[in-house]
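Asks: Show me how the following folds:
(one chain, ligands or ions: 2)
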Amino acid sequence: MSLLVAIRGWTPDAWIERFRRLAPERAVLDARQPFDAAAVTHAAVWKPAPGLLASLPNLGAIFNLGAGVDALLADPTLPDVPIARIVDPDLTARMTEWVTLNVLMHHRQVRLHAENQKGAIWGALPQPAAKDVTVGVMGLGVLGRDAAAALGRLGFRLTGWSRSPREIDGVECFAGAFGLGPFLERTDILVVLLPLTDGTRGLLCRDLFARWRRHNHMGGPVLINAGRGGLQVETDVLAALDEGTLAAASLDVFEAEPLPKTSPLWAHPKVTITPHCAADSDAEALARVIVAAIRREEAGEGIAPETLVDRRTGY
Ligand code: NDP
Ligand code: OXD
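Replies: Ligands and ions are numbered 1, 2, ... in the order given. Just a heads-up that it's a prediction; the model follows:
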């Protein structure tokens, strides 16, 4: 019973140390070193090299070291074993914090006040109550529901959009292609917490921006995306900001990451950028969650339903 740790994009050393400490009963193998493929029963991965997991004949389950599995599912050779993704209260709380920060920043026009401050301008800006502003949450999963609950406590009017119909207290819910139009027509601030799948890639494009409610105190629709960069067409986002179709955008995720230094998004006066850190969370807590999930799976209880990835839907 060995756990293989295969991570690309960050250094795996701290994760290997954590797993060795938290699961001393098993061998923890480093995919960068030669290892016995037949001994591997579980894999903890982030963007593993395509083909690696297919080379493990006794692999029983894959544990993705993040909530989004798009990079993992992009491997066409992925073996047919259960895949678990991260669902963790600490990660969820941090995402909700980032979403709330950005919604309030736009609603309270913090960037405009900062501009005024530079010129010593005592500028009074229109300030409606939260109850008169609608935040639309795209993606009503673990993260979307928690963010909506926090925004509801602040008094915002809430709408939500998902693939299948949902009922959530205090949220006017819409689903699927038919629900998208009415959802957008009601929305002032759009919070995107969707996974990247064949059904969502490129969704945040010129066509969608044109269907959005136009008039509010912020000068138009505001886009807040912490789902995945592949959801947005960045040339369309930039054009919409320049034409005034979008009033502002807060982006944590990008088509290419790290965002290239040459991207015009960096210097755009209406764009707020964070480097895919919206839900940066306590790695020790995540490692504990994964070790507990591996033990649960070995005890024959399977993968907790909320964390089990459905390959057909891609999330
Ligand atoms: P969940 O799987 O719990 O929820 C996904 C939601 O998206 C569900 O409500 C689902 O609908 C909806 N959805 C999926 N496909 C479609 C579609 N085609 N049309 C409409 N709705 C759709 O995911 P989480 O809430 O845990 O995470 C969401 C995403 O956030 C992750 O996939 C990841 O990409 C991103 N993320 C980003 C982080 C960051 O730091 N920036 C950190 C963590 C996650 P339904 O309810 O019908 O299933
Ligand atoms: C992600 C994560 O999926 O950080 O982006 O969990």
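
Asks: alpha carbons only for contacts and neighbour counts from here, please
Replies: Fine.

Asks: Around ligand 1, pick out the residues from the chain.
Replies: Taking CA under 6 Å from any ligand atom, the part of the chain that reaches ligand 1 is made up of 67-68, 139-144, 161-164, 176, 193-196, 199-200, 226-228, 252-253, 276-280, 315.

Asks: Please enumerate the helices of the protein.
Replies: 13-22, 70-73, 89-107, 110-118, 142-153, 176-186, 206-210, 234-243, 283-298 (DSSP state H).

Asks: Which one, of these, ends up nearest to A130?
Replies: A130 lies closest to helix 89-107 among the helices of the chain, at 7.9 Å (CA to CA).

Asks: Compute the inter-axis angle for that closest one and helix 283-298.
Replies: Angle of helix 89-107 versus helix 283-298, following axes from the mean of the first three to the mean of the last three CA atoms, to 10 degrees, is 130 degrees.

Asks: Let me know whether helix 89-107 sits next to ligand 2.
Replies: No: legend: contact between helix 89-107 and ligand 2 by CA under 6 Å from any ligand atom is lacking; minimum distance shown is 7.5 Å.

Asks: Tell me how many other residues crowd L308.
Replies: 17 (other CA atoms under 10 Å).

Asks: just the residues of the chain that are near ligand 2, which are they?
Replies: So the chain meets ligand 2 at G66, A67, G68, A279 (CA under 6 Å from any ligand atom).

Asks: Of all pairs in those residues, which one spans the longest distance?
Replies: Farthest apart among these by CA to CA are G68 and A279. That separation is 11.6 Å.

Asks: Nearest to T41, out of the helices of the chain?
Replies: helix 283-298 (9.8 Å).

Asks: May I have that closest one exported as PDB, CA atoms only?
Replies: C-alpha atoms of helix 283-298 as PDB (Å, rounded to 0.1, in the frame of the first residue of the first chain):
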ATOM      1  CA  ALA A 283      -1.800  22.700   3.200                       C
ATOM      2  CA  GLU A 284      -1.600  20.700   6.500                       C
ATOM      3  CA  ALA A 285      -5.400  20.700   6.800                       C
ATOM      4  CA  LEU A 286      -5.600  19.500   3.100                       C
ATOM      5  CA  ALA A 287      -3.100  16.700   3.700                       C
ATOM      6  CA  ARG A 288      -5.200  15.600   6.700                       C
ATOM      7  CA  VAL A 289      -8.300  15.600   4.600                       C
ATOM      8  CA  ILE A 290      -6.600  13.400   2.000                       C
ATOM      9  CA  VAL A 291      -5.100  11.000   4.500                       C
ATOM     10  CA  ALA A 292      -8.600  10.600   6.100                       C
ATOM     11  CA  ALA A 293     -10.100  10.000   2.600                       C
ATOM     12  CA  ILE A 294      -7.500   7.300   1.800                       C
ATOM     13  CA  ARG A 295      -8.200   5.500   5.100                       C
ATOM     14  CA  ARG A 296     -11.900   5.700   4.400                       C
ATOM     15  CA  GLU A 297     -11.500   4.300   0.900                       C
ATOM     16  CA  GLU A 298      -9.300   1.500   2.300                       C
END
